[in-house]
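1. Attaching a predicted model along with its sequence, questions to come.
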Amino acid sequence: MNTFFLVTLADFRESVRAKWFLIYSLVFGGAVILLFVLGVTEARVMGFTGLSRLLITYIQLCVAILPILILISTVRSVVGDRESNILEYFLSMPISLGAYFWGKILSRFFLIFIPISAALLGAIVWGMVKSLAIPWQIAGYYAIFLGTLSWCFLGLGMVISTLVKKQEWGLGLSILIWLILLLFIDVILIGLMLQQQIKESVIVAVSLLNPIMVFRAGAVLLFDPELTSMGPASYVILDNMGYGGFLAFTILYPLSLGWLFAFLGFFRFKKGDLV
Amino acid sequence: MIKIKNLTKKFGKTPILDDINLTVKRSDRIALIGPNGAGKTTLIRTILGQYMFNGELAVFDKNPRRHRVEILDRIGYVPQLPPPIQMNVGELVTFSAGISRKSSIDTIYQKAAELGLDIGKNVKKPFQKLSGGMKQKLLIALALGRQPDILIMDEPAANLDPQGRQAFFLQLIRSMETTTMLLSSHRVDEIINLINRIVEIDYGRVVQDERIDQSRFADKMLACRVTLTKNHEAAIRMLEDWGFKIVNGGREFEGRFIGAERLRFLTSISHFANHIQKLNIK
């Protein structure tokens, strides 16, 4: 078998036994079950009910916790292996650095994406059992959005993991970045708007640099094509990009950012001391 | 096999390897010795292509950073401490056999069996759950299974029980003719029968590089006479363990040992250096 796939499989087997994966799977699987148990499908908010209502809540949950869970689990991959001497051992074997790094990324992507997509699929199956209307198109887009957001933060986690010398620094940096990105969704931007010192289009442009914001706005767009719930920002977004354009941007931007981070991480990994 | 010229490796501003010059030939079996922090592990990791460095380093005439896969396919490495791998034994064996051109699952099973480890019985066990000795045996079997041209081992016998140690040395003796060895160890006496060269590193520099002519001494019996300063109980017990007898009814002891064991004897007696008045080996 190709070395790349052997590394992917080996890392998958290693990680699937790790505690973080169990917690991660429980969080997302448990969240969907909890949403059903709490009767979210029965509630009506802004006209949404049933499975659509549940998906909105699930996406809101993902906005808040998916990036940090991905960062926490990924940021330890290279630096953690380095600290525990696993990296020293595996890299004494005839494995190319590309096969090691990209194999690890691919395995992590599967590990991250499987629980969240399984939770989404579980929700749909449950919805079918309960004879709820299934919003197939929205669920499909959600799966793609979750995939691209995961890829983006996976790349970010890997670049951090290659940059830091200790796991603690990586975790600290991850939490800091996550907090800044979360704050940029609302608090800081609202502050800037209130001061009215910066043009609205600039603020919207800055906010759209934030992949969490892009994910959230893209998810809202599926239910609310006019983005009315986003206020004046909707004019700037839809006037410049249109519905289809923004939908494509929601998919392509985090994906490109993820690749960019992943390549940066790979070059940093390749150029420095490996252990 | 390995050519090192003016090799320097710094962490920050601190040089860990300082202008190392070393040539390792095909027939070399080197004991890499030196105190903790001397730079032994750093040198090994640099040879394995894991560190950037200044100077020149060629393994099989190639740069280990640029040609790592080709080079590492011909090197077997056993680390000092078994890494905390989560995979089970079977998965690890399959992985190791899969990435190396010359390795196979059957060879690894066979090498492990020769070391006294039955992989078949432990195939589902997580590597982490194996005892220290079993882990070490498996790592040695994985390294030997690759049929390497160069074998690099960092304190290889540290976790092995006496039987495991004996089987391990027997394996190495069998590979002596075809494999270049670089064995890092604190106890030269343990590996003295295997090696033909001692390289000592201290403060990142090669402070001693000596060839041992095994053929001159290895199979010869050496006569030894030791005179102690006083009747030191532990020293007497050690001499008696080596088969020494009291002569002249007092603090003088006489005995014989095989040449291949001379360094092991000298290491044993060096613990009592303060109590030795006279030592004569012929």
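-> Noted; the coordinates are in hand.
2. the bottom helix or strand of chain A by mean pLDDT?
-> Least confident helix or strand, chain A: helix A:187-195 with a mean of 66, by mean pLDDT, DSSP states H and E.
3. So which residues of the stretch 51-200 of chain B form helices?
-> For the stretch 51-200 of chain B, the helices defined by DSSP state H, counting those that start in this stretch cover B:68-72, B:89-99, B:105-114, B:119-122, B:132-145, B:162-175, B:188-191.
4. three-state assignment of B:I16?
-> The three-state assignment at B:I16 reads strand, by DSSP: H, G, I helix; E, B strand; the rest coil.
5. Do you know the pLDDT at it?
-> Note for B:I16: predicted pLDDT of 95.
6. wait, doesn't it sit right on B:L7?
-> No: assessed by C-beta atoms under 8 Å, B:I16 is found out of contact with B:L7, at 10.6 Å. C-beta here means a position set from N, CA and C on the backbone, and glycine is covered the same way.
7. Can you pick out the residue with more neighbours from those two?
-> B:L7 (22 against 19; other C-beta atoms under 10 Å in any protein chain shown).
8. quick one: that one is in a strand?
-> Yes: judged by three-state DSSP, B:L7 forms part of a strand.
9. Please report how far it lies from A:K271.
-> Between B:L7 and A:K271 the computed distance is 19 Å (C-beta to C-beta, to the nearest Å).
10. How many residues are close by the nearest residue to A:V32 once chain neighbours are set aside?
-> Distances taken as C-beta to C-beta, 6 or more residues apart in numbering or on different chains put A:A119 closest to A:V32, at 4.4 Å, once the chain neighbours are dropped. By the measure other C-beta under 10 Å, the count of residues near A:A119 is 22.
11. ok, A:A119 - contacts?
-> Contact partners of A:A119, counting by C-beta atoms under 8 Å, 6 or more residues apart in numbering or on different chains, are A:F28, A:G29, A:A31, A:V32, A:Y58.
12. In CSV: those, plus neighbour count, pLDDT and secondary structure.
-> Shown next, in CSV, are the contacts of A:A119 (neighbours: other C-beta atoms under 10 Å in any protein chain shown; pLDDT from 0 to 100; DSSP: H, G, I helix; E, B strand; the rest coil):
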residue, neighbour count, pLDDT, secondary structure
A:F28, 25, 82, helix
A:G29, 15, 80, helix
A:A31, 18, 81, helix
A:V32, 23, 78, helix
A:Y58, 23, 83, helix
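13. And the residue nearest to A:V32, what's its pLDDT?
-> Note on A:A119: pLDDT of 86.
14. do B:I192 as well
-> Listed pLDDT for B:I192 reads 75.
15. Equivalent analysis for A:V40, please.
-> pLDDT, A:V40: 66.
16. ditto for B:F217
-> pLDDT for B:F217: 61.
17. What of the one 4 residues further on?
-> pLDDT for B:M221: 81.
18. Skipping adjacent residues, who's closest to it in space?
-> Leaving aside its sequence neighbours, B:M221 sits nearest to B:R256 (C-beta to C-beta, 6+ apart; 5.2 Å).
19. Wait, a strand at that neighbour?
-> Yes: secondary structure assignment places B:R256 in a strand (three-state DSSP).
20. and it, how many residues sit next to it?
-> B:R256: 12 surrounding residues under other C-beta under 10 Å.
21. try A:L176
-> For A:L176, the count of nearby residues is 10 (other C-beta under 10 Å).
22. which SS class is it?
-> Strictly by three-state DSSP, A:L176 counts as helix.
23. hmm, back to that, now do the buried residues in the helix or strand containing the residue nearest to A:V32.
-> Following DSSP states H and E, one finds A:A119 within helix A:97-129. Within helix A:97-129, the residues scored as buried using 16 or more other C-beta atoms under 10 Å in any protein chain shown are A:97, A:99-109, A:111-117, A:119-120, A:123-124, A:126-127.
24. mind checking the end-to-end distance for stretch A:124-141?
-> This stretch, stretch A:124-141, spans 14 Å end to end (C-alpha to C-alpha, to the nearest Å).
25. And the contacts of it?
-> Outside stretch A:124-141, the residues touching it (C-beta under 8 Å, 6+ apart) are A:32, A:36, A:41, A:50-52, A:54-55, A:120, A:218, A:222-223, A:247.
26. do the same with stretch B:254-274
-> Applying C-beta under 8 Å, 6+ apart, the external contacts of stretch B:254-274 come out as B:187-190, B:192-193, B:214, B:216-226, B:228-229, B:232, B:234-235, B:238-239, B:242-245, B:247, B:276, B:279, B:281.
27. Swap in 7 Å and give it another go.
-> If you take C-beta atoms under 7 Å, 6 or more residues apart in numbering or on different chains as the criterion, stretch B:254-274 is touched by B:188-189, B:192-193, B:217-225, B:232, B:234-235, B:238-239, B:242-245, B:247, B:276.
28. Just the buried ones out of these, please.
-> B:188-189, B:192-193, B:217-218, B:224, B:232, B:235, B:238-239, B:242, B:244.
29. Spell out which parts of the stretch 151-275 of chain A neighbour chain B.
-> A:G272, A:D273, A:L274, A:V275 (C-beta under 7 Å from any C-beta of the partner chain).
30. Compute the number of surrounding residues for the third one.
-> Yep, that's A:L274 we're talking about. For A:L274, the neighbour count with other C-beta under 10 Å is 21.
31. Check which helices and strands whichever strand or helix holds A:L221 sits against.
-> Taking DSSP H and E as the criterion, the element that holds A:L221 is helix A:211-223. Here helix A:211-223 touches helix A:50-74, helix A:136-163, helix A:167-185, helix A:233-271, going by 3 or more C-beta pairs under 7 Å, 6 or more residues apart in numbering or on different chains; DSSP states H and E.
32. What ranges in the stretch 1-150 of chain A fall below the confidence cut-off?
-> Under the criterion pLDDT under 70, the flagged ranges of the stretch 1-150 of chain A are A:1, A:39-49.
33. Can you name the residues that contact whichever residue of the stretch 151-282 of chain B sits closest to chain A?
-> Residue nearest to chain A within the stretch 151-282 of chain B (C-beta to the nearest C-beta): B:I152, separated by 8.0 Å. Contacts for B:I152 (C-beta under 7 Å, 6+ apart) come out as B:I44, B:I47, B:I75, B:Y77, B:L182.
34. Number of residues surrounding B:E240?
-> A count of nearby residues for B:E240, using other C-beta under 10 Å, gives 13.
35. how close does it get to B:I269?
-> 13 Å.
36. go on, A:F21?
-> Applying C-beta to C-beta, the value for A:F21 to B:I269 is 55 Å.
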